[in-house]
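Undergrad: Okay, predicted coordinates and the sequence, questions at the end:
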Amino acid sequence: MGRSLKFCHVSTFYPPFSFGGDAIFLHRLVNALAQRGHEVDVVHCADSFHALHAEAPTRDFSHGPNVTVHTLRSRGGVLSPLIAQQTGRTWPKSKEIQKVLLSKNFDVIHYHNISLLGPEVLRLEPDYREFLKVYTMHEHWLVCPMHTLWKNKNRLCDRPQCFSCMLQSRRPPQWWRYTKLLSRCTASVDVFLSPSRFTRDMHHERGFSRQIEHLPHFVPAGGDPSDAFDAPPHARPYFLFVGRLEQIKGLQTVIPLFRDYSYADLLVAGTGEYDAELKRQARGLENVLFLGPRQQGELRRYYRHAIAVVVPSLCYEVFGIVVLEAYRERTPVIVRGLGGLRELVEESRGGIAYRTSDELFDAMEQLRTDRELRCAMGEHAYSKYLERWSEDVHLDAYLELLKRAARRKFGCVPWERFQRGSLKQDTIHLEEPSC
């Protein structure tokens, strides 16, 4: 690869000031790059976290020595993300972000979830020129103001009716979406990445015309091989749900199946705004247990010994980090057959996709009663995880995509043949096919 690279990752949310899987993935990517010797800066917005969650985060996330985290706060507090959401402008945070971009000559400026920084953040430019801009589609935000293609808070989006959807979802309309601001801002990006083919195709179907590269997410290996022989964390056979407790995650469609299901338990790991309602629905069911939030090391034991991991999301998931975490432990999954979830199951043969509650019940019984099938699916899942969704595979593909983008933009790969500072504006000739 040549010399080590300097990365600046920009995101609204970053652990511990975060909620979902996109921030967890970014934390893993940042540390994986740092472990390979690259220098990584992260810019994120604490104001955005506090706009949605008043209390301070309690979890701690460690970083390697090559990682610097810049936590943005403004005098306006939670008004700052509101301004970005409403106007698309980044100005409450622009100076702080610009200061980071000018602090060193970054090779790659990589954007993630920027919804509460505003699309204008894509146009912020350092005063040097030899950098790539990358954007990862963790959600459908570029084509959906609600992020999830979940229409009117009650169904999948069949066609765009964004204004009425925002009103029915109790969100203020984003008037900037009816201007050309988003197209002007995305024009600054060199490479768009989608974790799933489904999300890539959905963006194109909804009118996003730029080329999109498919780059699946990963989960790190880690752990001790001897852990495979540890004792189950729960006395009875169980199915496992892991994730945020929100209505669109669909857990409320699974709980009723356990009212008359005595063969196994349902363990629920996670927390969220729908927590109280789900516990109300499960009241009196001794075979439905809420574990609360759990650390990753502890979760691995629950994954490892589950009959299957159930992922019943009602919306179009962009990807399924939970699916990969199950695959890493040789555990099959049962997913609703939508979006990126269905894609992962079809590619791996590591689980079952369902459409109806009857199909979910049948899948649960099939995996509970057929140990041979369960083990075969688990092995398929693990094999495909190593081949497609491991850390090394992802990083190699990521860095190769950057090299291809550099050749398109500069006519060469600067970090392979030049030391920093050699690509000055008065010496580089972009029309030349090589450096």
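TA: Okay, I see it.

Undergrad: isn't Trp255 right up against Glu277?
TA: You called it Trp, but residue 255 is Ile. No - using CB atoms under 8 Å, Ile255 is not in contact with Glu277; the gap is 10.4 Å. Every residue, glycine included, has its C-beta placed from N, CA and C.

Undergrad: So if I had to pick from the two, which one is more boxed in?
TA: Neighbour totals were compared for Ile255 and Glu277, and Ile255 leads with 18 against 13 (other CB atoms under 10 Å).

Undergrad: show me the contacts for Arg123.
TA: 184-185, 188 (CB atoms under 8 Å, 6 or more residues apart in numbering).

Undergrad: cool, and Tyr261?
TA: Tyr261 neighbours (CB under 8 Å, 6+ apart): 287, 364.

Undergrad: So it versus Tyr274, what's the distance?
TA: Per CB to CB, to the nearest Å, Tyr261 is found 22 Å from Tyr274.

Undergrad: cool, Leu251 as well?
TA: Counting by CB to CB - Leu251 and Tyr274 are separated by 8 Å.

Undergrad: can you count the residues close to Ile248?
TA: Ile248: 15 neighbours (other CB under 10 Å).

Undergrad: looking at this, Lys133 is in a strand?
TA: Yes - counting by DSSP: H, G, I helix; E, B strand; the rest coil, one finds Lys133 located in a strand.

Undergrad: just how off-centre is the longest helix seen in the chain within its chain?
TA: In the chain, with assignment by DSSP state H, the single longest helix is helix 391-410. Put simply, helix 391-410 sits 19 Å off its chain's centre (CA atoms, centre = their mean, to the nearest Å).

Undergrad: what's the answer for stretch 295-313, then?
TA: Distance of stretch 295-313 from its chain centroid, counting by CA atoms, centre = their mean, is 18 Å.

Undergrad: so Phe49 is in which element?
TA: Element membership of Phe49 [criterion: DSSP states H and E] is helix 46-52.

Undergrad: Check Leu193 too.
TA: Counting by DSSP H and E, Leu193 is part of strand 191-194.

Undergrad: same check, this time on Gly207
TA: Per DSSP H and E, there is no helix or strand for Gly207.

Undergrad: Which residue, neighbours along the chain excluded, lies closest to it?
TA: Leaving out its chain neighbours, the residue that sits closest to Gly207 by CB to CB, 6 or more residues apart in numbering is Val143, at 6.7 Å.

Undergrad: Also Val219?
TA: Leu324 (4.5 Å).

Undergrad: Hmm, the one you found is touching Phe218, no?
TA: Yes - if you go by CB under 8 Å, Leu324 and Phe218 touch, sitting 7.1 Å apart.

Undergrad: can you pick the most crowded of the contacts of Arg123?
TA: Using other CB under 10 Å as the neighbour test, these are led by Cys185, with 21 neighbours.

Undergrad: right, and the helix or strand after the helix holding Phe49?
TA: Following helix 46-52 in sequence, per DSSP H and E, is strand 67-72.

Undergrad: If we go by neighbour counts, what in that following strand is buried?
TA: Within strand 67-72, the residues that count as buried by 16 or more other CB atoms under 10 Å are 67-70, 72.
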